[in-house]
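Enquirer: Build me a model:
(chains A and B)
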Protein chains: 2
Amino acid sequence: PDGWTDLDSRAVDTVRILAADAVQKVGNGHPGTAMSLAPVAYLLFQKVMRHNPADTHWPGRDRFVLSCGHSCLTLYIQLYLGGFGLELNDLEALRTWGSKTPGHPEYGHTDGVEITTGPLGQGLANGVGMAMAARRERGLLDPDAAPGSSPFDHQIYVIASDGDIEEGVTSEASSLAATQRLGNLTVIYDHNHISIEDDTNIALTEDTAARYRAYGWHVQELDWTNGGTEYKENVRELDEALRTAREVTDRPSFISLRTIIGWPAPNLRNTGKAHGSALGKDEVAATKELLGFDPDKTFEVGDDVIAHTRKLVDRGAEALAEWQSSFDTWAAANPAASELYGRMVKNELTPGWEDAVPSWDADPKGIATRAASGKVLGALADKLPELWGGSADLAESNNTTMEGVPSFLPTDRQTKMFPGNPYGRTLHFGIREHAMGSIMNGIKVHGGTRPYGGTFLQFSDYMRPAVRLAALMRLPVIYVWTHDSIGLGEDGPTHQPIEHLAALRSIPGLDVVRPADANETAAAWAAVLKNKDRPAGLCLSRQALPIVPRGTDGYADTSGVAKGAYVLKDAEDGAPDVILIGTGSEVQYALAASDILAAEGTKARVVSMPCREWFDEQDQGYRDAVIPPDVKARVSIEAGVSVGWRDLVGDAGRIISIDHYGASASAGKLFAEFGFSGDTVAAAARESI
Amino acid sequence: PDGWTDLDSRAVDTVRILAADAVQKVGNGHPGTAMSLAPVAYLLFQKVMRHNPADTHWPGRDRFVLSCGHSCLTLYIQLYLGGFGLELNDLEALRTWGSKTPGHPEYGHTDGVEITTGPLGQGLANGVGMAMAARRERGLLDPDAAPGSSPFDHQIYVIASDGDIEEGVTSEASSLAATQRLGNLTVIYDHNHISIEDDTNIALTEDTAARYRAYGWHVQELDWTNGGTEYKENVRELDEALRTAREVTDRPSFISLRTIIGWPAPNLRNTGKAHGSALGKDEVAATKELLGFDPDKTFEVGDDVIAHTRKLVDRGAEALAEWQSSFDTWAAANPAASELYGRMVKNELTPGWEDAVPSWDADPKGIATRAASGKVLGALADKLPELWGGSADLAESNNTTMEGVPSFLPTDRQTKMFPGNPYGRTLHFGIREHAMGSIMNGIKVHGGTRPYGGTFLQFSDYMRPAVRLAALMRLPVIYVWTHDSIGLGEDGPTHQPIEHLAALRSIPGLDVVRPADANETAAAWAAVLKNKDRPAGLCLSRQALPIVPRGTDGYADTSGVAKGAYVLKDAEDGAPDVILIGTGSEVQYALAASDILAAEGTKARVVSMPCREWFDEQDQGYRDAVIPPDVKARVSIEAGVSVGWRDLVGDAGRIISIDHYGASASAGKLFAEFGFSGDTVAAAARESI
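Expert: Numbers count the residues shown, from 1 in each chain, chains lettered A, B, ... in the order given. The predicted structure is shown next:
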């Protein structure tokens, strides 16, 4: 490309030997892709992307996602060369305890890492989310600026590997990216024909470029092997392809780049061995000789090389200064949007937003908690413009559409049922739960909006890898998982969650929230929205649930919801014989049982436990006040597996659960057949006492 | 098609009104697709497929998979018309307790249902598995027969919907199907442009036919809307397309069929409402009038219609008789293969196979359980030809390749590292864990082979929906999940399972098996292979684990492994002060602790618990003998979350677990930093006592 010098070429070769050395030193890791992608990453970081090593949180920066996270050195070495905070000793500490250079890039751990990657396919889908977020943020803050003229215009770059291309989540997200016409997204597909099982001919024979054309992407194909005749890293051509990709604004861009993994390692290039193992001393030395480095030196970086690459710091400062002036102009002209921007940057909610949260009067018939959730969303729509989301094709079932808001859609994709525009708010993921989860992660790391996404609780399984990553990254995304038990009824065992609550609670850092009625649902939404550093899944009923009185007739108000569990209705003298703990739709049976028991002279306390994780975070005093250690008679009731409940009910307790699959019938029939009722709770209480 | 009569057309219209009536009666369900697909399903069941209503287990039958399981009536009504065992009262009982017609088709519940479908995307991937199984079975039993001449030649038909097409698992499986050149597979894609959120333009704008061409499928496009001008169900054209699909034997076939959902319901056709709700009384009546049925009658089936369609029983008997003669000829000529066939049909293992299971001498250094697993597979290769499998691109890491066996690959897909042939044995799924799981389900329901599939335990999350379905269907597939804890080391938190053991144990009907050393691994494989009605996941270490003595020095032999838990090493007098329960790689720390405690005069019993599910199935006597109720001092140790362990250790027990994410460092460092050692177990034991 213009201005590419021998020093740039030397820097690229330095990347290769650093990658080989770093893996060789620790004895394990992935050198091959980092070596062959060296010119690609260098071109992006040094020549193409607008970013600032001194401020990796600058909102105007281009984003980079390394979907093939195992090739973490691809990123770490650029962060070192560009002066983003990593130094040579960090590379030397690759994959060791406490280092800034763990085996896969970790968000929040290493400055300059935009998102945690490693589980294949996630990064590309995250990139789709970032590109969507960029458009939505622009729409919120600077909708009327001419294309490319807003401080909120920037590019999303993704490098993906053969493995990413094989994973289904990538297919889901890529199809949607084209529907959404994400012109700000460019994916470079490192098509090296090698994965761990070596030659990918055994498992990947499709024409991937044609597949992306079929999705509707702008596709360019580059071949550095020149049809297998001669390997030449044509950086100029790639640079031009990247420029073309930026100029295509009505479609995402896919650049298929045929490379040879491990290039130029003389013996191990183009092998599966170069993918995931140290090259070995001899091969590292041979590679160094080939590239004109001293085979006896390790981590050799010429002073001229690092001086050259660190000039990115100055260029970054200039870019930021230029952007800042455009930003300041915008801020002065747009005070309201600027205020919103200020909140979004800090993940702060609009003052007074909680006043908009609805409440319901007691009603024995009640409504489904999914319906209550929909009302909460609708009520908050005006107060929290940063809140947006949708469903994986279950909008009406998940109650995820805020009434009257436009859909987030290119104008030619809107429909009669879902009018929208490119800056709209309701998301349509299609039947792609996994991509939904990954896209939500990308949206959240991109900026200050707050995404939610809905599907049936059953299908949380489809999106589980993305949910785990949200928890690992501590991203406050919100899942709206409705139809949360056998209470969904006739759709039967393939759709009825049984193990899902337990399985989701097992994920460290995920809040699993299962409100008991409409008012708990409102309080749960409020509590979830206040959390800034953790994902939450709202598990909501399909069926109507009674709305219990609040602050009257012995019933507590909903202030305890945020504490995870609270005494909903106590024994009259506050000295219960037995504690009945319920969640969600089963709290009603605990209440019914307390009446049955009261008639027999047994004093029961009903504890509603909408969120186990929040309760576990309370101090011992509060927890003991809700579940007194000396009251050993306890019953839990939840329409899910028993797993995890023994901790709460203790050796003397009883657990009412369903530890087998459901069936196709009406909800009422199923609850009765499977032993969920006031009577069964009362019977268990008698046993426990 | 040839021989299509007015009675056939009347039967097709009968299907439509039955679908509308059945949903209307129960008040919920999915009428629209069943109505518009009526001619497609009728054509397949009555005219195209070779099957026999009187014997739905006939191995020579063509298979049918309804990937859009919500449209269960598409299948049920054909099973009724064709005489497969369903009657009108079964249709009337749709989606009610105990009926043969649950909300989604359930394998093992309704005769003629080849596999449970409903979670979208699964069915198409299952079909890929069936097609693979058909080829492997033919290769085992009748490899030399000319194409199309073997009793083991037949077709796999799948109907898939827009939702199936959107799900990533379908993309994964479809790419692999083309690599595998599955000429025996035909997918009809019901491209009706409607999903629950109505017009799919909001989420599905790709050129799906072009996408399938890019994978390498044979693609045909039919449009019953004739470009939107006139809706005409051109059954003859579809019949021809199906014939062409059968004739293309080097690629799977994809028939994209543009339909209008709910056809011909006058007001609700082509709407999301027709997809998932009863049409309403008036619309049902209007549809009946349109089709010349009495609007006041329900479930109206002309005697002439049912008499006509039930002739399939005779045709099926003829087809079977014809096949039987070809089968008998084959059996007489192939006694050895015939014997294998006899075993496979009954899911019986070769007599004496267990003698081949290897064992290891005690060795403090030991080997990884994944390595032991690989040795077991290799040792069983000759004895159990029905056992086959592979990995999602982690063959060497998962140790899933039986030494020296060819890969299951078209000849033009084999590589230097993996030579193979179309009848080979080692499977290469690519980095497609989800498809692997779904394909394994398809393989298992198809016939008597026994599939296994490997990936890292972490990525069990990617395949979880398929694992659940295996458990729901009680299919004895085997997962080889290696790298089962922080013991995988440097790859860090994205790759280290933390919650996975607990989350998998939560799935009803899945055996989670985590052996402690090489000999337990062998015993675990043996126990798993003997189970015929449940899936199992072998959770295996990356790192070497000591091989403990067996039947000597106070150590038990491995006969207790199949019981799920057993006393590995007892207190000398058999009266322990404390019980130390470990699984997998942490059993060594329990053993170390027992030595530490013994030195202090505390008597510890070490219980190895390779499979919680198997232990729970033992009688109370055995369980109490292993964990005596009166010994309340107990410690559990497992490198996973604590969830679920309280049941075993009780209120007085201690749980050594890791309830947060891991880190990137060596395994030794991580175990030490995160509190897994003989010392921590001993300290916990002192606390518990």
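Enquirer: Can you name the residue of chain A nearest to chain B?
Expert: Residue of chain A nearest chain B, by CB to the nearest CB: residue A:168 (2.3 Å). For every residue, glycine as well, the C-beta is placed using N, CA and C.
Enquirer: hey, where'd the strands end up in the stretch 401-550 of chain A?
Expert: Applying DSSP state E, counting those that start in this stretch to the stretch 401-550 of chain A gives strands spanning A:407-408, A:420-421, A:426-428, A:450-456, A:478-482, A:511-513, A:536-540, A:544-547.
Enquirer: one step back: how about the residue of chain A closest to chain B, what does it touch?
Expert: Residue A:168 sits next to A:121, A:434, B:167-172, B:432, B:434-435 when contact means CB atoms under 8 Å, 6 or more residues apart in numbering or on different chains.
Enquirer: Out of those residues, list just those in helices.
Expert: A:434, B:168-172, B:434-435 (DSSP state H).
Enquirer: Neighbour-wise, which one of those leads?
Expert: residue B:435 (36 neighbours; other CB atoms under 10 Å in any protein chain shown).
Enquirer: on that earlier part again, okay, the residue of chain A closest to chain B: pLDDT?
Expert: pLDDT recorded at residue A:168 is 98.
Enquirer: Skipping adjacent residues, who's closest to it in space?
Expert: residue B:168 (2.3 Å; CB to CB, 6 or more residues apart in numbering or on different chains).
Enquirer: circling back to that earlier point, which of the strands of the stretch 401-550 of chain A sits closest to residue B:325?
Expert: strand A:450-456 (49.1 Å; CB to CB).
Enquirer: Tell me the residues of the stretch 301-450 of chain A that contact chain B?
Expert: With the criterion set to CB under 8 Å from any CB of the partner chain, the stretch 301-450 of chain A comes near chain B through A:391, A:393-397, A:407, A:409, A:413-418, A:420, A:428-432, A:434-435.
Enquirer: One more pass at 7 Å, please.
Expert: Listed as neighbours of chain B in the stretch 301-450 of chain A under the rule CB under 7 Å from any CB of the partner chain: A:393-396, A:407, A:409, A:413, A:415, A:417-418, A:428-432, A:434.
Enquirer: Select only the buried ones of these in PyMOL?
Expert: Here is the PyMOL command that selects the buried residues among these (16 or more other CB atoms under 10 Å in any protein chain shown):
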select buried, chain A and resi 393+394+395+396+407+409+413+415+418+428+429+430+431+432+434
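Enquirer: what's the pLDDT at the residue nearest the centre of chain A?
Expert: Closest residue to the average C-alpha location of chain A: residue A:441 at 2.6 Å, with CA atoms, centre = their mean. Looking at residue A:441, its pLDDT stands at 98.
Enquirer: give the contact list for it.
Expert: By CB atoms under 7 Å, 6 or more residues apart in numbering or on different chains, the residues touching residue A:441 are A:115, A:126, A:129, A:466, A:469-470, A:473, A:475, A:477.
Enquirer: Repeat the analysis, applying 10 Å as the threshold.
Expert: By CB atoms under 10 Å, 6 or more residues apart in numbering or on different chains, the residues touching residue A:441 are A:107, A:115-116, A:122-123, A:125-126, A:129-130, A:451, A:466-467, A:469-470, A:472-473, A:475, A:477, A:535.
Enquirer: try residue A:593
Expert: By CB under 10 Å, 6+ apart, the contact set of residue A:593 is A:578, A:580, A:582, A:602, A:604, A:606, A:635, A:637, A:656, A:677-686.
Enquirer: Residue A:74 now?
Expert: Contacts of residue A:74 (CB under 10 Å, 6+ apart): A:15, A:19, A:30, A:33-38, A:40-42, A:44-45, A:64, A:66, A:68, A:105, A:159, A:190.
Enquirer: before we move on, what about residue A:619?
Expert: Contacts for residue A:619 (CB under 10 Å, 6+ apart) come out as residue A:625.
Enquirer: gap between it and residue A:574?
Expert: Applying CB to CB, to the nearest Å, the value for residue A:619 to residue A:574 is 20 Å.
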